[in-house]
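Trainee: structure, please.
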Amino acid sequence: MKHSNGLAVIAIAALALSACNNASKNESTANAENTNAQDSVTACSSYLDKKYFEDTADGKPTDLYVLKNSNGACVAITNYGGRIVSIVVPDKNGKPTDVAVGFKTLREYQGPGDAYYGALVGRVGNRIAKGKFILDGKTYTIAVNNGPNSLHGGIKGFQAVVWDATQANDSTLSLSYVSKDGEEGFPGNLTVHVTYTLGGDNSIKINYAATTDKKTVVNLTNHTYFNLNGEGSGTILNHLVQINADKYTPVDATLIPTGKLDPVAGTPFDFTKPTAIGARIDTAANQQLKNGGGYDHNFVLNDAGPSLHQAAEVTGDQSGIVMDVFTTEPGMQFYIGNFMSGKSSFKSGANDNYRTAFCMETQHFPDAPNQKTFPSIVLEPGKAYNTTTVYKFGVKK
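Mentor: Alright, predicted model coming up:
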C-alpha cells in the first residue's frame, strides 16, 4: 500500500482494513450472515493496519494475511516468521475477543521485545543441550542462545525468516520456506510447508510438512501466546486447564530434560482434571517449578499416535471461551509466560506483563537428539515429515 497525505486515501485505507483483508465494509455488511460474524471480522483488524506489515526483510516482501469465516472468527497472520498476530472469536456473550497476544507492527516483531510471539518455530523447537548433537557419528554444533543451550532453532530460527505465502481463499494460508544445508548449523536442505486453515467451527488447523536431502533433525511447532479472556485482560492464572497427560519430563536447572518420565499424580503438574493455572504455582515448594520459574515443561500426552488426539482443554474464567488442543504429536510444552517482562506493548496497548499469556506448544520432546529413550526427531531423505495440530474455540456459558 502506498502512503499518501490525502484525506481520501486515508479514508479508503481505513475502510478497507476495518472490513478485514481489503473487502469493503458495505459489501461485508450486506453479505454477513449475522452481526457477530461481521463484528468479529472488523475486530480482527481493529488494532491492525496492513501497511505496518507491508515491508521487506532479508530482501523479501512481508505482509499481513487474514482468514475469516461466517461463524464469528478471524485470524491475522504475517509471513514474517509465519506468526499468528490475532485470533478473534466470540465470547460467551457473543462479544468478539482477541485471544492471541501480539504486536501491531513488523518492526516490533523484529525488536528486542519479541519472545517468539505467534511464531512458527524450527528447525528444532525447544531446547538442545549445549547446542550439540550427534548424527551418524558426526557432531553438529548449533548456536547457544538460551543459557548454555540452544533454543528454538538457534539465533535465527524459523521465527525470524520470511516465508513464501499463498492465500487461495478466505480460510487457508499456505507458507513455504527452504532452510539451506548448514543454516544455524543443521544438516540438509529442508523444504518446509505449513498450512493454516480456519474452519467453520472456529478451529485453526496447522499442518506441517517437510522433506530433506540429507539426514537431519526436525521438530516444528507454533508459539502463539493465548489469553482466553482477551489480550490485555490481565493474569491467566485463573484460567482452568486440563491436560491429557499422566506423565511429564522433569528438567534440570537449565530446562534440559533429565531423561525421566515422571508421573504427574500427587504433584503440581497434575492437570488430569480441570485446575486453575495458579492453584499450585508456589515455586518455593517444588523444585521443578523452581527450575522452570513456574510451568515451562513438556507433558507426555496420553493416547499419542499417528492420528489426532486431544492434548488439552483451557477455559477463560471471565470470557467463557474454551480452547481445545488436538495434535498428532507425542508431547506438549505448557508455558505460562514466566519470562514476560512488561517492557513491551501489545497491539491493544496493553503491556506484556508477567504471566498474562500462556503457550501450548505441541511437539516431540525437548533435547530429543540427545535422549535415546525419547521419540526420535530424525528425518531421512526420501521420507516425509508430517504433523498436525488443531486449536478449536468454543464457549461455556
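
Trainee: for the stretch 1-150 of the chain, which spans come out with low pLDDT?
Mentor: Residue ranges of the stretch 1-150 of the chain with pLDDT under 70: 1-45.

Trainee: for it, what spans make up the helices?
Mentor: Using DSSP state H, counting those that start in this stretch, the helices of the stretch 1-150 of the chain run over 7-18, 25-31, 35-44, 106-109.

Trainee: do the stretch 251-397 of the chain as well
Mentor: Going by DSSP H, counting those that start in this stretch, the stretch 251-397 of the chain shows helices at 287-292.

Trainee: quick one, grab the pLDDT at residue 353.
Mentor: On the pLDDT scale, residue 353 is placed at 97.

Trainee: so who does it touch?
Mentor: Shown in contact with residue 353 (C-beta atoms under 8 Å, 6 or more residues apart in numbering): 234, 340, 342. Quick note: C-beta positions are derived from backbone N, CA and C, even for glycine.

Trainee: buried ones among those?
Mentor: Restricting those to buried positions leaves residue 340, with burial counted as 16 or more other C-beta atoms under 10 Å.

Trainee: for the contacts of residue 353, which one is nearest residue 54?
Mentor: residue 340 (28.2 Å; C-beta to C-beta).

Trainee: so the closest one touches residue 355, yeah?
Mentor: Yes. Taking C-beta atoms under 8 Å as the definition, residue 340 is a contact partner of residue 355 at 6.5 Å.

Trainee: and the contacts of stretch 269-277?
Mentor: Residues outside stretch 269-277 that contact it (C-beta under 8 Å, 6+ apart) are 236-246, 248, 264-265, 288, 295, 297, 299, 312-313, 315, 317, 334, 336, 358.

Trainee: buried ones among these?
Mentor: Listed as buried from those are 236-237, 239-245, 248, 264, 288, 295, 297, 299, 312-313, 315, 317, 334, 336, 358; burial here means 16+ other C-beta under 10 Å.

Trainee: out of these, which sit inside strands?
Mentor: Among the buried ones among the contacts of stretch 269-277, DSSP state E puts 240-243, 245, 248, 297, 299, 312-313, 315, 334 in strands.

Trainee: residue 105: which of those residues is nearest?
Mentor: Relative to residue 105, the closest of those is residue 334; by C-beta to C-beta it sits at 29.1 Å.

Trainee: need the contact list for the closest one.
Mentor: 241, 243, 271, 295-297, 299, 312, 358-360.

Trainee: again with residue 239
Mentor: By C-beta under 8 Å, 6+ apart, the contact set of residue 239 is 228-229, 276-277, 314-317, 358.

Trainee: again, but for residue 375
Mentor: Residue 375 neighbours (C-beta under 8 Å, 6+ apart): 330-331, 364-365, 368.

Trainee: pull out the CA atoms of stretch 257-271 and give them to me as CSV.
Mentor: Extracted as CSV, the C-alpha positions of stretch 257-271 are listed here (Å, rounded to 0.1, in the frame of the first residue of the first chain):
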residue,chain,number,x,y,z
PRO,A,257,15.1,-32.9,30.5
THR,A,258,16.7,-35.4,32.9
GLY,A,259,15.6,-38.3,30.7
LYS,A,260,12.9,-39.5,33.1
LEU,A,261,9.2,-39.6,32.5
ASP,A,262,7.7,-38.8,35.9
PRO,A,263,4.1,-39.3,37.0
VAL,A,264,2.1,-36.1,37.5
ALA,A,265,-0.1,-37.7,40.2
GLY,A,266,0.5,-36.0,43.6
THR,A,267,2.4,-33.1,42.1
PRO,A,268,1.6,-29.6,40.9
PHE,A,269,1.8,-31.0,37.3
ASP,A,270,-1.4,-33.0,37.7
PHE,A,271,-3.8,-31.3,35.3
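
Trainee: could you shift the numbering so residue one becomes 42, and keep it that way?
Mentor: All right, first residue 42 from here; so that's stretch 298-312.

Trainee: and the gap between residue 394 and residue 270?
Mentor: 13 Å (C-beta to C-beta, to the nearest Å).

Trainee: hmm, who's touching stretch 327-336?
Mentor: 291-294, 296, 308-310, 318, 321-325, 338, 375-377, 379-380, 396.

Trainee: of those residues, buried ones?
Mentor: Neighbour-count burial (16+ other C-beta under 10 Å) is assigned, among the contacts of stretch 327-336, to 291-292, 296, 309-310, 318, 321-322, 338, 375-377, 379, 396.

Trainee: isn't residue 341 right next to residue 284, touching?
Mentor: No. Assessed by C-beta under 8 Å, residue 341 is found out of contact with residue 284, at 10.0 Å.

Trainee: now do the contacts for the residue nearest to residue 285 when sequence neighbours are not counted.
Mentor: Sequence neighbours aside, residue 343 is the residue nearest to residue 285 in space, at 5.0 Å (criterion: C-beta to C-beta, 6 or more residues apart in numbering). Taking C-beta under 8 Å, 6+ apart, we find residue 343 in contact with 285-287, 350.

Trainee: farthest pair in the residues you listed?
Mentor: Farthest pair in the contacts of residue 343, by C-beta to C-beta: 287 and 350, 13.5 Å.

Trainee: just the strands in the stretch 242-391 of the chain please.
Mentor: Along the stretch 242-391 of the chain, the stretches classed as strands by DSSP state E, counting those that start in this stretch are 244-253, 257-258, 262-264, 281-284, 286-290, 303-304, 316-317, 337-342, 350-356, 362-368, 372-376.

Trainee: adding mean pLDDT and distance to residue 415, write the ones you listed out as CSV.
Mentor: Formatted as CSV, the strands of the stretch 242-391 of the chain follow (pLDDT from 0 to 100; distance: least, C-beta to C-beta, whole Å):
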stretch, mean pLDDT, distance to residue 415
strand 244-253, 98, 19
strand 257-258, 98, 12
strand 262-264, 98, 15
strand 281-284, 98, 19
strand 286-290, 98, 8
strand 303-304, 98, 14
strand 316-317, 98, 26
strand 337-342, 98, 10
strand 350-356, 98, 17
strand 362-368, 98, 17
strand 372-376, 98, 9
